[in-house]
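J.: one predicted model, sequence on top.
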Amino acid sequence: MSTVFVTPLLSLWSRLVAGLETLQPLAQLAARFYVAQAFFLAGLTKINDWDTTLALFADEYKVPLLSPSVAALAGTAGELVLPVLLLLGLAGRFAALGLSVLNVVAVVSLAEIAPAALQQHVFWGSLLIALLLWGPGRWSLDRVLEPRLMRV
């Protein structure tokens, strides 16, 4: 191929990539919002009917190494606190890691999980891994606070 064709194509490709990169903060915010909403709503459901939550952890969810009441309390607390941190992008990587652990424990703890439910957990896990690896993005409190914390 001649440079007459390659150079304009490479220039067009570079502009396309630059345009896509400007969308990264929006995509990271959307991923944070989507995952945070799912986990936070699950936590609200648990605290709205605590007796049922305890029964589920005793009978359905077999969380390894924890008693059902401790697992219910820890899981619910994680589902209520970590999504808020993730949405704000405050300790965003920590929140993504914590929600990843909750996500894996949720899948492992169920004896049977419907394929659609498993797919949802895989999707959440994929978004959480991306946020863990690349961080919560420019539109996050981490981005605002990090320069100030580094001066200390």
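T.: Done, it's in.
J.: quick one: find the helix or strand in the chain with the lowest mean pLDDT.
T.: The weakest-scoring helix or strand in the chain, judged by mean pLDDT, DSSP states H and E, is helix 141-150 (a mean of 88).
J.: could I get the full set of helices for this protein?
T.: 3-22, 24-48, 50-59, 68-88, 92-109, 115-134, 141-150 (DSSP state H).
J.: can you lay out these as CSV showing mean neighbour count?
T.: The way it works is simple: take the backbone N, C-alpha and C, and place the C-beta from them, glycine included. CSV is the format used below for these (neighbours: other C-beta atoms under 10 Å):
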stretch, mean neighbour count
helix 3-22, 9
helix 24-48, 17
helix 50-59, 14
helix 68-88, 19
helix 92-109, 19
helix 115-134, 15
helix 141-150, 12
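J.: mean pLDDT for those: which is lowest?
T.: Ranked by mean pLDDT, these bottom out at helix 141-150, with a mean of 88.
J.: the inter-axis angle of that helix versus helix 24-48?
T.: 100 degrees (axes from the mean of the first three to the mean of the last three C-alpha atoms, to 10 degrees).
J.: ok, residues contacting helix 141-150?
T.: Leu88, Gly89, Leu90, Ala91, Gly92, Arg93, Gly135, Pro136, Gly137 (C-beta atoms under 8 Å, 6 or more residues apart in numbering).
J.: turn the residues you listed into a markdown table, including distance to Ala31.
T.: What follows is the contacts of helix 141-150, written out as a markdown table (distance: C-beta to C-beta, whole Å):
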| residue | distance to Ala31 |
| --- | --- |
| Leu88 | 14 |
| Gly89 | 11 |
| Leu90 | 16 |
| Ala91 | 16 |
| Gly92 | 11 |
| Arg93 | 13 |
| Gly135 | 11 |
| Pro136 | 9 |
| Gly137 | 9 |
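J.: so which of those residues comes closest to Ser2?
T.: Nearest to Ser2 out of the contacts of helix 141-150 is Gly137 (C-beta to C-beta; 40.1 Å).
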